[in-house]
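Undergrad: With the input below, show me the fold.
(one chain, ligands or ions: 1)
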Amino acid sequence: MKEITITTKIKVFRSAEELPSDYQTLLNSARAAMDYAYAPYSRFRVGAAVLLDNGAIVKGANQENAAYSMCICAERTALANASMQHPGVAINAIAVTVQSTRKTIAQPASPCGACRQVISEAEDRQKKDIAIILQGAEGEIYLLDSGKALLPIGFHGGFLQK
Ligand code: THU
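TA: Take a look at the predicted model:
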């Protein structure tokens with residue numbers, strides 16, 4: 001028997017002002033994206049924004065459906081938008097933020113498992129890590145170097161290829 005320990009490095013910032021300026025801008029874009037959330041069921045607005053290699057910022061927000069399992073998360077909306085609007089351009093970073101009418105979210109937004117899987121695939125596709133910036137409605141900001149840091153031992157296309 002042997003043991004493997006997996007560690008996740010997270011840089012924690014007390015406020016947006018402490019972030020590098022391009023990440024501050026990206027987080028502001030994620031916040032602005034929440035205006036486009038369609039969340040009548042959860043009342044939980046999620047905004048995401050991706051920063052591309054060409055400097056463009058592409059936004060996404062969650063899009064819900066009365067058939068709950070059809071809901072699309074903000075992260076996947078942003079990634080799909082970026083892929084359509086800037087095909088082949090690598091993604092440097094994604095910022096995610098949330099706002100709920102039910103309570104104040106003071107902890108960093110936590111991308112769901114499906115979104116972690118999709119961020120991980122985007123990294124594989126572009127052969128480059130994507131920095132992850134997470135904040136709630138207020139409070140600390142987490143910065144991780146890659147989507148893989150959020151999804152250790154994840155499933156990937158390498159299992160399917162010869
Ligand atoms: N949601 C996201 O947009 N991103 C996540 O990573 C977690 C959850 C959305 C889906 C749904 O519209 C609402 O938040 C509540 O689950």
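
Undergrad: how deep is Ala56 tucked in, by neighbour count?
TA: By other C-beta atoms under 10 Å, 12 other residues sit near Ala56. (Each C-beta comes from the backbone N, C-alpha and C, glycine too.)

Undergrad: I'd say it and Val89 touch.
TA: Yes: with contacts counted by C-beta atoms under 8 Å, Ala56 reaches Val89, the gap being 7.4 Å.

Undergrad: any shared contact partners between these two?
TA: Common contacts of Ala56 and Val89 (C-beta atoms under 8 Å, 6 or more residues apart in numbering): Ala82.

Undergrad: need the residues of the protein near the ligand, please.
TA: The chain comes close to the ligand at residues 39, 42, 44, 46, 62, 64, 71, 73-75, 111-112, 115, as judged by C-beta under 6 Å from any ligand atom.

Undergrad: Of those residues, just the buried ones, ChimeraX syntax please.
TA: Here is the ChimeraX command that picks out the buried ones among the residues of the chain next to the ligand, judged by 16 or more other C-beta atoms under 10 Å:
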select :39,44,46,62,64,73,74,75,111,115
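
Undergrad: Got the phi and psi for the closest residue to His156 other than its chain neighbours?
TA: Nearest residue to His156 in three dimensions, chain neighbours excluded: Asp124, at 5.8 Å (C-beta to C-beta, 6 or more residues apart in numbering). Dihedral pair for Asp124: phi -60, psi -40, per degrees, to the nearest 10.

Undergrad: Verify the contact between Asp124 and Gly154 for me.
TA: No: taking contacts as C-beta under 8 Å, Asp124 lies outside contact range of Gly154: 9.7 Å.

Undergrad: beta partners for Ala49?
TA: Lys59, Ala95 (DSSP bridges).

Undergrad: I misspoke; the intended subject was Ile133.
TA: For Ile133, the beta-bridge partners are Ala95, Leu143 (DSSP bridges).

Undergrad: count of residues packed around it?
TA: The number of residues packed near Ile133 is 28, by other C-beta under 10 Å.

Undergrad: repeat for Lys11
TA: Counted with other C-beta under 10 Å, Lys11 comes out at 13.

Undergrad: Might you report the residue contacts of it?
TA: Lys11 neighbours (C-beta under 8 Å, 6+ apart): Tyr142, Leu143, Leu144.

Undergrad: the helices in the protein, which residues?
TA: Under the criterion DSSP state H, the chain contains helices at 21-33, 74-85, 113-126.
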